[in-house]
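Q: structure for the following, please:
(2 chains)
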Amino acid sequence: MTRALPVAAANANDAATVASRARGAGSLAERIAHGAPAAMKWLWLAALAVALVLPLLALFGQAWFDEAGHWALPARMAELAANPNFVPLLGRSLAVSLTVAALVVPLAFGFAYALQRSRIAFKPLWRGIALLPLFAPSLLPGIALVYLFGNQGIFKGAFGAGGIYGFWGIVLGEAFYTFPHALMVLIAALSLADARLYEAARAMGASPWRTFLTVTLPGARHGLFGAACLVLTLVVTDFGVPKVVGGGYPVLALEAYKAVVGQQQFARGALIGMLLLLPALLTFGVDIAMQRRQRAQMSSRAQVYVPGRDPLRDACCTLVVIVTGALLLTVLAAAVGASLVKLWPYNLQLTLAHYDFDNMDGGGWLAYRNSLRLAALTALAGTLAIFFGAWLTERTRGPAWLHGVLRAGFVLPMAVPGLVLGLGYVFFFNAPSNPLHTLYGTMTLLVICNVAHFYTTGHLTAAAALRQLDAEFEAAALSLGVAPLVTCWRVTVPICLPALIDIFRYLFVSAMTTVSAVVFLYSPDTVLAAISVLNMDDAGDTAPAAAMSTLILLTSALACLLLMGAARGWLRRTQAWRAPQG
Amino acid sequence: MQAGESVPERAFLAIEGVGKRFGGAGGFQALDGVSLSVPQGELLCLLGPSGCGKTTLLRIIAGLEREDGGRIHAGGRELTGLPPQARDYGILFQSYALFPNLSVAQNVAYGLQGRGMTRAHREARVDEMLALVGLAGSERKFPGQLSGGQQQRVALARALAPAPSLLLLDEPMSALDARVREHLRLELRQLQRRLNVTTVMVTHDQEEAMAMADRIAVMDGGRIAQVGTPGEIYERPASPFVAEFIGQANWLAGRLSGRGTFSVGELELAVSPARAGEVADGAARLCCRPEAVRLHPADGEPNRLLARIVDQTYLGSRYRLMLEADRLPGITLFADVLREERHLLPAQGSHKFWVSLPSQALQVFA
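A: So this is what the prediction gives:
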């Protein structure tokens, strides 16, 4: 630093004339900029209350008190339990979800293992196929199963006299629907491996099988448990698949849906909704406790594991991905194919007649346009809300209790199934005494509900990206007199843009495909594509329902590809500072 | 401030009785009534082991942590309670916290925006700062394309660009290779002197503190253990903690009896009364630096011992010898000898020779 020292700069007093010393007082704009994060936190807290906490409380209130406002929970519970249908309902829900978990988790583990720990070819292709179900509403597998094994299906004899309708229909449909969810959890669990453990196992002469049992499986224990919990919760609270292929096999979620939508038995719906919240809350709590313990397992000194050559393992893995991929594609192909032919399976002439939605019941093309609008608005508003929410708690200074409350609020939606959230929204926003009552049935409320429903996944992505940044960015900027919001815009957002696009993509696809919460909140003007699938299927228009499902699938997949392209383009453009050569 | 220590005149930065507790009543007392003053243009080092409170103190000066009690003044202005942006300081973080998506020039100019400067003015200031740290010509590079040392210079230029009256350095060298570190240490110190900017630096590296600081404040358990020049701290440590934390030392446990005699077992050592301080007679500890142990002392010298070399460590410019003295059974004495003088001593083994512990080098602690 001694070289090339200009004499003029050598004196700090000289320099002082260069930069204004006027600090502290600041202009009004500056003061607002510096004070903004504190105000924003209260705004986010209020939003959490309105979009999440109050609706849940409304649900509880509905279940706990009778019309006169008296404590009625014990009486209602007793009434519910005394109902001869209730215990079988509960049993069926449990049987279905446990069967699905037992089927999906090992399969998804095998698939994730093949993707992360083997050297099979075409990994991106297999991964893409496995994640395809995410792009379709949960009704699609139900419809596809009807076409494959239903009364007029190709393989109609396969499930005996009762056909696919019932237990096995629900199990297979839910398996298709939950497979990618479990897979994503397990891919993440298997992505971290400490090569040193594998080297140690080999050095001690452990066989590959023993290494798998003693190193790989324990390392993925948390992921396996998490995946099982996720599958159980998804299945217990889904009513889409049971509605389409459940036949005479009613389950709890469908019962709650029917109680509110068909029979106007709000108290009964609220009570079942509350029960459905229990498993989710329970697994959520256990999951957090396990995450705390797991954290220490992967130390910063761990070496990344790279799978070595092992033809036998790779052959087995290839078999797993091909068989699983083929099954998933068969289901998809059945729905897509049935939507494109005149009358499955009797007249296989190609036609687009089923896509003429305006001539069907269920909402027509309006539903599709509404869905596009909803998905775009949810993604836009949600990305902003989620990113700035995470930024507030991760990157700004403030009272610890407030940050704690906000963080808890941001992860709570994970534990609230869409069905439960939707019921809460009905009770809260549909109450005539609520000034926000006017929102009921509007697109705004659908957007709010979706953002709240899908908040946590986005929040975790944003928080992880924000935590990777240097801890002192904001402090350094503050010392230079620059407000945190300015630094957020100039530094944090550009660095985190890939994560932002990820969140946007997730919200768009989720809003495009979801049925569970919004089914309670739409009006004839705001009917959605996925809901029209439900309605058309209900009305017996199975082929148009398949067609709309196909359209949703295509739209989601296309949006996903475009956004991934955008993210890649941005990464390439900013390579200069992302991938330093030094 | 330690009792009896003179408060420097014209203190630029004055810290009075600052305390900080993390985690409420049952929590951790990070700072316990710390007072310090730093004159204009001085480089003061906060030195101590991890958890001693030095970083907390720096962050409180920066306004990044809120003190529980006490006051802070700088340049005649009270800073207590002011937010960071109103305090007028520059800070260099351990990680540098350079903005990776902004070029070097944009990084340096980051604090110059919104201060009523024209664009030309800003650019001139950026050029000036980059020239000052020897990085002229790197304006368009991104931080990721620079070496660690260069990144540190950019961060320094950025911190100094708005001409702050106070510079805070948070372990500035710890992210660098050992070789680069020594070199940059010198440059940073020269720059600080030239700009005459009052500087507070946090470090846990005693060598770095010794090399750079005008004065060092050794911290322990949220308190200041001693403040003084590097020489004072090393040669006249105020407490066993300071003596142990800075440099190596031989420790002997024994008794102080009468004025000026320290006995370890049968051995009696004369100590200078000035270095016994206010230690009362009775059980006491004696500290002696390895390089102070005299080898082959003259015949009449006090505190002589017969010793033999049991082991030695080669340290480049010198050897550290492990000695066993007849009259200090069970105790290993460490003594340093220059490499070129090693041959004057016997080889490792049974051969005995005289050593002495000069009384003016023996510090007694209670």
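
Q: alpha carbons of the lowest-mean-pLDDT helix or strand in chain B, as CSV, please.
A: Every helix and strand of chain B was ranked by mean pLDDT, DSSP states H and E. The lowest is helix B:273-276, at a mean of 75. C-alpha atoms of helix B:273-276 as CSV (Å, rounded to 0.1, in the frame of the first residue of the first chain):
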residue,chain,number,x,y,z
PRO,B,273,11.3,-5.4,45.2
ALA,B,274,9.9,-3.3,42.3
ARG,B,275,8.8,-6.5,40.5
ALA,B,276,7.2,-8.0,43.6
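
Q: tell me which other helices or strands it touches.
A: In terms of contacts (3 or more C-beta pairs under 8 Å, 6 or more residues apart in numbering or on different chains; DSSP states H and E), helix B:273-276 is packed against strand B:363-365. Where you see a C-beta, it was placed from the backbone N, CA and C, and this is true even at glycine.

Q: on that earlier part again, next, the buried residues of the least confident helix or strand of chain B.
A: Going by neighbour count (16 or more other C-beta atoms under 10 Å in any protein chain shown), the buried part of helix B:273-276 is B:Arg275, B:Ala276.

Q: give me the contact list for that helix.
A: Here helix B:273-276 makes contact (C-beta atoms under 8 Å, 6 or more residues apart in numbering or on different chains) with B:Arg236, B:Leu256, B:Arg259, B:Gly260, B:Ser359, B:Gln360, B:Leu362, B:Gln363, B:Val364.

Q: how does the chain divide into domains?
A: You didn't say which chain, so I picked chain A. Split into domains by automatic domain parsing, chain A comes to A:66-295+A:305-346, A:362-575.

Q: I was thinking of chain B, sorry if that wasn't clear
A: B:11-240, B:248-365.

Q: adding distance to A:Ala529, write these out as TSV.
A: Conversion of the domains of chain B to TSV gives the following (distance: least, C-beta to C-beta, whole Å):
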stretch	distance to A:Ala529
domain B:11-240	38
domain B:248-365	76
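
Q: of the ones you listed, flag the one that's most buried.
A: Comparing the domains of chain B by mean neighbour count (mean count of other C-beta atoms under 10 Å in any protein chain shown), domain B:11-240 comes out on top with a mean of 20.

Q: so which of the contacts of helix B:273-276 reach chain A?
A: Among the contacts of helix B:273-276, none lies close to chain A by the criterion of C-beta under 8 Å from any C-beta of the partner chain.

Q: on that earlier part again, the least confident helix or strand of chain B: what's the following helix or strand?
A: strand B:282-288 (DSSP states H and E).

Q: just how off-centre is that following strand within its chain?
A: Relative to the centre of its chain, strand B:282-288 is centred 25 Å away, using C-alpha atoms, centre = their mean, to the nearest Å.

Q: cool, stretch A:437-450 as well?
A: Its chain's C-alpha centre and that of stretch A:437-450 lie 20 Å apart, by C-alpha atoms, centre = their mean.

Q: ok, residues contacting that stretch?
A: Contacts to stretch A:437-450, defined as C-beta under 8 Å, 6+ apart, come from residues A:50-51, A:370, A:373-374, A:377-378, A:381-382, A:421-422, A:425, A:429-431, A:507, A:510-511, A:514, A:517-518, A:521-523, A:525-526, A:528.

Q: hmm, 6 Å instead?
A: Applying C-beta atoms under 6 Å, 6 or more residues apart in numbering or on different chains, the contact partners of stretch A:437-450 are A:51, A:374, A:377-378, A:381, A:425, A:429-430, A:511, A:517-518, A:521, A:523, A:526.

Q: likewise stretch B:70-84?
A: A:478-479, B:12-19, B:62-64, B:87, B:165-166.

Q: hmm, back to that, rank the domains of chain B by pLDDT, which is bottom?
A: Averaged per stretch, pLDDT over these is lowest on domain B:248-365, reaching a mean of 88.

Q: how far out from the middle of the chain is stretch B:273-284?
A: Distance of stretch B:273-284 from the chain centroid (C-alpha atoms, centre = their mean) equals 26 Å.

Q: count the neighbours of A:Leu521 for me.
A: Residues lying near A:Leu521 (other C-beta atoms under 10 Å in any protein chain shown) number 24.

Q: quick one, phi psi at it?
A: Note on A:Leu521: its backbone torsions stand at phi -120, psi -10 [degrees, to the nearest 10].

Q: what's near enough to touch the residue in the stretch 401-550 of chain A that chain B sits nearest to?
A: Of all residues in the stretch 401-550 of chain A, the one sitting closest to chain B is A:Leu480 (2.8 Å; C-beta to the nearest C-beta). By C-beta under 6 Å, 6+ apart, the contact set of A:Leu480 is B:Tyr110, B:Gly111.

Q: can we see that at 7 Å?
A: With contact taken as C-beta atoms under 7 Å, 6 or more residues apart in numbering or on different chains, A:Leu480 is in contact with B:Tyr110, B:Gly111, B:Pro162.
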